[in-house]
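A.B. asks: Here's a sequence, model it:
(one chain, ligands or ions: 1)
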Amino acid sequence: MDTLIARAQQQVEERQDELFALVAKLVALPTVSPPARNTLEAQQFLERQLQASGFETELWEVYPGDPNVTAVKRGTQGDKYRSLLLNGHMDVAEVGDTREWQNDPFTLTLKNGRAYGRGTADMKGGLAALLFAAKLLEESGIQLKGHLLLHSVIGEEAGEAGTRACMERGYNADLAVVADTSGLAIQGQGGVITGWVTVQSPMTYHDGMRSRMIHAGGGIQGASAIEKMAKLIAGLQELERHWAVTKSYSGFPAGSNTINPAVIEGGRHAAFIADRCALWITVHFYPNEDYESVTAEIEEHLLGVAQGDPWLRNHPPTFLWGGRSMIEERGEIFPSLELDLDGEGLIGLADIHRQVRGTAPSVGMSPSVTDAGWIGRRGIPTLIYGPGELAQAHAVDESVDMRELVDYTKIMIAFIADWCNRMKPEFIED
Ligand SMILES: [Zn+2]
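C.D. replies: Numbering: from 1, shown residues only. Here you go, the predicted structure:
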C-alpha cells in the first residue's frame, strides 16, 4: 500500500502539466458569481472527470444554470470502513475591471512558480487537485475500503445554499475536508448571518403633520420610522460593545464578533413622514456559537430598547434572518465550525502534511468563512484545508503557488488512502 501511494505521489511530480491543464480548463470556464447561473459546463466537465476515475455521479439543479455535482466512489467494505467527504465550490468571485489584470483572468498563466487566473486560489486550484488525486488513486489501483464522496457545489461566493442543499439531501460521512483557500492550514471558522431589522408604522402621514407629532399639544402619537431606527442602531452598537467585552474565542482578535449596519432603506418621499425603515445587518459570531442563539440575543436586546420608547413599545421592530442566497433573497448564513484538536482526522491529516511538506501545518481559525459550517452542522467532523493564500482570494491577478498545489495533491492522495482504509470505531475490537 505504502509503495502504491509513494508511486502515485511520484506521478504527481512527474505529471504536473496534467494538474495545471486541469486548473487551466476550470479557470477558462468563467463561473463568476454574481451574476452566477453559469456553472453548468464546468460542473459537467468535473462530472466526466470523476466518472473516469470510478465515481458514480449525480448532477442536480440548485438554480437554473447552477447545478451541484455529488459523487461517490464506493469503498469495497463501506459499511465497516470510514468514509470521507471532499467539498469544494465551482463559482469564483467577480473580476472587476479586467484592465487592472496583467493577464486575462480566464487564461491560466504560469510564471515564476505561480499559477495566475481567477479562481486559482479560491478555489479551482483546490478542485483541480482533488480531481487529479482521484484520477491517480484510480490509475494506481489504490484500493479504498471506505466510501469517498466528492461534492462540487455552486453559490459559495454569493452566500448561496449549494453545500446546504447537499446536506439537506442527506449525505453523510465520517469526516469532511473542505478544500477552500486556507494556505494549507487546517482551520475552523466563525460564522456569519445577515438579517433585516424593520420598523413599520401602521399610519402614513404627510410631511405637514410632523409638527403635530413632535410639539406640545400636537396630539398625534406618530413617529418617523427613520428616527426610531436610529435608536435601534445605537442599541446594536451597545450590544456589539458588550459582546466585544464579554465574549472571546482562541484564534480570534478580541472584538471579531461584530454587528455591521450595512444597508439602510427607509422613507417614501420628502413629502411624507417615513413610515417604514429597514436595516440590513451582518453579524459575525464565534465558533462556539450558533446563529440561532446569536440572533435571539439581538432580538431580545432590541426589543428591550423598544420597551424604553413610548412609540416603539407599541410598534416593536420585526426581524428576518438569513436566507439561501444573496442574489435571490438578499440574505445568507455561514454557520460556524469548531475544530476538534484531538480528532483522528485532524491528527492524521497533520501527520501526512508533515511527511510531504517537512513541517507541521498551522492549525487555527480562518479569518474568513466557507461552506464548512454547513457540513459541521450536519454532525460531520469537518476540516477546512486547501491550497492558496486568503489574500489572493478575490484579488486582481489572483494566483496560487504551484509547489503548494502539487504538494496538496500528494497530501490528499495519501490522506484519502489512509482515512478510507481505517475501520469505523464500532468495528474495532479492543
Ligand atoms: Zn472559496
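A.B. asks: could you say what helices and strands the helix or strand hosting residue 356 packs with?
C.D. replies: Assigned by DSSP states H and E, residue 356 belongs to helix 344-357. Identification of packing neighbours for helix 344-357 by 3 or more C-beta pairs under 8 Å, 6 or more residues apart in numbering; DSSP states H and E yields strand 175-178, strand 186-189, strand 382-384, helix 402-419. From N, CA and C alone the C-beta is placed, and that goes for glycine too.
A.B. asks: ok, now which ones touch the residue nearest the centre of the chain?
C.D. replies: Compute the mean C-alpha point of the chain, and by C-alpha atoms, centre = their mean the closest residue is residue 370, 2.1 Å away. Neighbouring residues of residue 370 by C-beta atoms under 8 Å, 6 or more residues apart in numbering: 156, 178, 180, 189, 334, 384.
A.B. asks: could those residues be laid out in a markdown table, adding pLDDT and neighbour count?
C.D. replies: Below are the contacts of residue 370 laid out as a markdown table (pLDDT from 0 to 100; neighbours: other C-beta atoms under 10 Å):
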| residue | pLDDT | neighbour count |
| --- | --- | --- |
| 156 | 97 | 26 |
| 178 | 98 | 33 |
| 180 | 98 | 29 |
| 189 | 98 | 30 |
| 334 | 98 | 26 |
| 384 | 98 | 29 |
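A.B. asks: quick one: which of those residues is nearest residue 74?
C.D. replies: residue 178 (22.0 Å; C-beta to C-beta).
A.B. asks: Could you check how far the closest one is from the ion?
C.D. replies: 9 Å (C-beta to the ion, to the nearest Å).
A.B. asks: likewise residue 425?
C.D. replies: From residue 425 to the ion the distance is 32 Å (C-beta to the ion).
A.B. asks: go on, residue 341?
C.D. replies: Computed with C-beta to the ion, the distance linking residue 341 and the ion is 24 Å.
A.B. asks: what's near enough to touch that residue?
C.D. replies: Listed by C-beta under 8 Å, 6+ apart, the contact set of residue 341 reads residue 363.
A.B. asks: That one in helix, strand or coil?
C.D. replies: Assigned by DSSP: H, G, I helix; E, B strand; the rest coil, the conformation of residue 341 is coil.
A.B. asks: swap in residue 197?
C.D. replies: Once three-state DSSP is applied, residue 197 turns out strand.
A.B. asks: number of nearby residues for residue 64?
C.D. replies: When neighbours are counted by other C-beta atoms under 10 Å, residue 64 registers 8.
A.B. asks: Could you report the separation of it from the ion?
C.D. replies: Counting by C-beta to the ion, the gap from residue 64 to the ion is 23 Å.
A.B. asks: Which element, helix or strand, includes the residue lying farthest from the centre of the chain?
C.D. replies: Going by C-alpha atoms, centre = their mean, the residue of the chain most distant from its centre is residue 217, 55.3 Å out. Using DSSP H and E, residue 217 is not contained in any helix or strand.
A.B. asks: Quick one, grab the pLDDT at it.
C.D. replies: Residue 217 is assigned a pLDDT of 90 by the prediction.
A.B. asks: separation between it and residue 211?
C.D. replies: Note on residue 217: its distance to residue 211, by C-beta to C-beta, to the nearest Å, is 10 Å.
A.B. asks: quick one: contacts for the residue lying closest to residue 407 once chain neighbours are set aside?
C.D. replies: Using C-beta to C-beta, 6 or more residues apart in numbering and skipping residues adjacent in sequence, the residue nearest residue 407 is residue 356, 5.3 Å away. Residues near residue 356 by C-beta under 8 Å, 6+ apart: 9, 407, 410, 411, 414.
A.B. asks: same thing but at 7 Å, please
C.D. replies: 407, 410, 411 (C-beta atoms under 7 Å, 6 or more residues apart in numbering).
A.B. asks: what about the residue in the stretch 1-150 of the chain positioned nearest to the ion, neighbour count?
C.D. replies: Per C-beta to the ion, the residue of the stretch 1-150 of the chain with the smallest distance to the ion is residue 122, at 4.1 Å. Using other C-beta under 10 Å, the number of residues around residue 122 comes to 29.
A.B. asks: wait, isn't residue 256 in contact with residue 283?
C.D. replies: No: using C-beta atoms under 7 Å, residue 256 is not in contact with residue 283, being 11.5 Å away.
A.B. asks: ok, these two, which is more surrounded?
C.D. replies: Neighbours were counted for residue 256 and for residue 283 using other C-beta under 10 Å; residue 283 has more, 24 against 18.
A.B. asks: So that one sits against residue 259, correct?
C.D. replies: Yes: with contacts counted by C-beta under 7 Å, residue 283 reaches residue 259, the gap being 5.3 Å.
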